[in-house]
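Peer 1: next input, structure requested:
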Amino acid sequence: MKSWLAGAVGAYLLGCATALAQSPDAPAITKRLDKIAKSYTEEQFMGSVLVVEGDSTLLDNGYGMADLKRKIPDSPGAQFRLGSLTKQFTATLILLLQQEGKLQIADPVSKYLPDAPQSWEKITLANLLGHTSGIPNFTSDAAFRTWSLSPHSHEEEIAFFRNKPLEFKPGSRFEYSNSNYEVLGAVIEKVSGRDYGDLLRERIFEPLEMKSSGLDADGLILPRRAQGYRYIKDWGLVPAESQSMTIPWAAGSIYSTTGDLSRWEHGLFGGKILNDSSLQAMTTAGKGNYGLGVEVAQMHRVKVVSHNGGIAGFNTYLCYVPERQITVVVLSNVNGTAPDTMGPELLNAVLATQSPLP
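Peer 2: Numbers count the residues shown, from 1 in each chain. Sure thing, here's the model as predicted:
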């Protein structure tokens, strides 16, 4: 669950640089995109890929296996854990609460969580959203791996890092920290008086008809769940040891499909969730080229709003280009960097075309 931008900027420049001609049997762009996805070996990537431009679906395929033991192939309907793609949904709930006058992101977190430690007194909700709070990343703690294998309450999660010294003065620099979004989850529940997962469903998933998405939980049975894997030399792909899903929570516990994430992007940028002012705030780059729950960059002179995610057994990538209504989704059930390189490569291939396909 970490920022991908630094490693992916170079990948932005890869791929085709001129418009792709149509072939008699299939659109050349679709062939190009499929070739890119297939260039990754099974030990690097298994999963689902969706590329959409406007109303045209350019690629919508599964690659490899969703479950090796049961011999179930990956498909567009497979459900994956998203990791840090969750953060843009958490940021959206915060912005919705601001639209309703229930909070202001310029306010200190202590206004909404009165028991916040003294060291947090100058940390605002905006600092949490943009990773400029200085609160250390609890997933980087040496004790985290063992601690995370057991379920914990949200209060216990925050207690795990709340008394650690800040790493820098709030607002002075960018440092990606999952801790920020756990605190935002607590703020959402405190201000709204509602469960975080219930709000996700009622305010986002149901309005956008994201019927295959939700907040994951230990023991939750999903009809099309992909099994997460990691590659070990001399052993091959083995099931990944999962942390308790109580741990990632508002920083990384959502599961979804490629199709639902396309509905999300088109709903978000189509004005179905946030008003124009909130969407503008969300997608304006601050320190570290980070907005509010998303990263903001330029590619082929157009704005690209994106994020990646990583959690045991899964790595993910999602981006949207507002100017051309392009969505790229790469969901992998093999841990590794493939989505972080494949996603920008797919996007570059589409942006290299001169105009949207009919």
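Peer 1: shaky segments in the stretch 1-150 of the chain?
Peer 2: The stretch 1-150 of the chain contains residues with pLDDT under 70 at 1-26.
Peer 1: and the helices in it?
Peer 2: Counting by DSSP state H, counting those that start in this stretch, the stretch 1-150 of the chain has helices at residues 5-8, 28-38, 86-99, 125-129, 144-148.
Peer 1: one more: the stretch 251-358 of the chain?
Peer 2: Per DSSP H, counting those that start in this stretch, the stretch 251-358 of the chain carries helices over the ranges 258-269, 276-282, 338-351.
Peer 1: for K87, which of the ones you listed is the nearest?
Peer 2: With distances scored as C-beta to C-beta, the stretch of the helices of the stretch 251-358 of the chain nearest to K87 is helix 276-282 (11.0 Å). C-beta coordinates here come from the backbone N, C-alpha and C atoms, glycine included.
Peer 1: what helices or strands is that closest one leaning on?
Peer 2: Applying 3 or more C-beta pairs under 8 Å, 6 or more residues apart in numbering; DSSP states H and E, we find helix 276-282 packed against helix 86-99.
Peer 1: how far does the helix it packs on sit from its chain's centre?
Peer 2: The gap between where helix 86-99 is centred and where its chain is centred comes out at 13 Å by C-alpha atoms, centre = their mean, to the nearest Å.
Peer 1: which elements pack onto it?
Peer 2: On a contact count with 3+ C-beta pairs under 8 Å, 6+ apart, helix 86-99 meets helix 125-129, helix 178-192, helix 196-200, helix 249-252, helix 276-282, strand 302-311.
Peer 1: what does stretch 133-141 rub up against?
Peer 2: Stretch 133-141 is touched from outside by 1, 120, 123, 127-128, 144, 147-148, 157, 160-161, 164-170, 172, 175-180, 182-183, with contacts defined as C-beta atoms under 8 Å, 6 or more residues apart in numbering.
Peer 1: weed out the non-buried ones from those.
Peer 2: Judged by neighbour count, with 16 or more other C-beta atoms under 10 Å as the criterion, the buried members of the contacts of stretch 133-141 are 1, 120, 123, 127-128, 144, 147-148, 157, 160-161, 170, 175-180, 182-183.
Peer 1: how much space separates the residue nearest the centre of the chain from G309?
Peer 2: Nearest to the mean C-alpha position of the chain, counting by C-alpha atoms, centre = their mean, stands L85 at 1.2 Å. Using C-beta to C-beta, to the nearest Å, we find L85 at a distance of 4 Å from G309.
Peer 1: good, wrapping up.
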